[in-house]
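Undergrad: just coords:
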């Protein structure tokens, strides 16, 4: 199926068969794009290639439905030049491993040929979701990124309770809460850094996690006026929805808006059109750029259509 380049959209995502349609932000975007007349094409990570230096993809025509039991239909796959697309949405979940890195290099060829990619491949490579937040130290609690177990133990001794994370995780996976006196600290460090060969991030524990890990969605530098506070349940300290957190909508605070104001100029400079900031209490902890979510939860709680706001911004830039 070859459609008009003026209306052709390709989305690179994880298997659409495995999403939870009632909460999936990629589906929300696709539903809005389809409503506006975009012709949708679907690809997964294994569907990209380079042919004689040009980016190609094995694309399948896609139709989406807002139905919890029957949310998509796919046509037959066909190899096509990515340059036939008018827009590419890059929505592959972390980790940003070698295969993800190669994907961004293929997508970069499409971007260089004039096809907008959201978010841009260069930014996907440059902006690790944990490390990028540290470019705004005025917004962050004390944090150390190191490979050496001794340095991480010293950080725990200095700051008391800490949180330890790998740099390539998502959904709360691989996150530990610990302290200098924790008998498990050494084994946690061995799990994360091995024999001092892998980076780990240590962050001073923020007690305000009890009130939720807020996801603030930012579209072209402007925040959605409500955040989703992902509140830990029971004895769990992680608020991530994937770790069992309960999502409650909250209006942005003055501090939240200040954090956005600190980050937004760099987001715009990098062409990062859709971003999710993670904020606990008064502190920025992560900047999610690969596949930010929480659109649908906020839409339901506040009667919004965040995907429409995003496509308004996209179509302004395409005009």
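TA: Sure thing, it's come through. Since we're looking at a predicted model, the values are computed, not measured.
Undergrad: and stretch 40-48, what's its mean pLDDT?
TA: Stretch 40-48 shows a mean pLDDT of 97.
Undergrad: verify the contact between residue 15 and residue 44 for me.
TA: Yes - under the criterion of C-beta atoms under 8 Å, residue 15 makes contact with residue 44 at 6.2 Å. Yep, even glycine has a C-beta here, placed from its N, CA and C like the rest.
Undergrad: point out where the stretch 51-200 of the chain drops to low pLDDT.
TA: Residue ranges of the stretch 51-200 of the chain with pLDDT under 70: 171.
Undergrad: residue 15 and residue 44: who's more crowded?
TA: residue 44 (16 against 9; other C-beta atoms under 10 Å).
Undergrad: what is the burial count for residue 230?
TA: The number of residues packed near residue 230 is 27, by other C-beta under 10 Å.
Undergrad: strands along the stretch 201-319 of the chain, start to end?
TA: 213-219, 222-223, 226-231, 246-251, 274-280, 283-288 (DSSP state E, counting those that start in this stretch).
Undergrad: which other residues reach the helix or strand where residue 124 lies?
TA: According to DSSP states H and E, residue 124 maps onto helix 121-126. Here helix 121-126 makes contact (C-beta atoms under 8 Å, 6 or more residues apart in numbering) with 90, 96, 100-101, 104-105, 107-108, 111, 132, 270-272, 289-290.
Undergrad: sitting in helices, which of those residues do you find?
TA: 100, 101, 104, 105, 107, 108, 111, 270 (DSSP state H).
Undergrad: okay, the residues you listed in a markdown table with distance to residue 28 and neighbour count next?
TA: Output for the ones in helices among the contacts of helix 121-126, formatted as a markdown table (distance: C-beta to C-beta, whole Å; neighbours: other C-beta atoms under 10 Å):
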| residue | distance to residue 28 | neighbour count |
| --- | --- | --- |
| 100 | 23 | 18 |
| 101 | 27 | 12 |
| 104 | 23 | 22 |
| 105 | 28 | 14 |
| 107 | 22 | 25 |
| 108 | 26 | 17 |
| 111 | 24 | 20 |
| 270 | 23 | 18 |
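Undergrad: before I go, just wanted to say thanks for your time.
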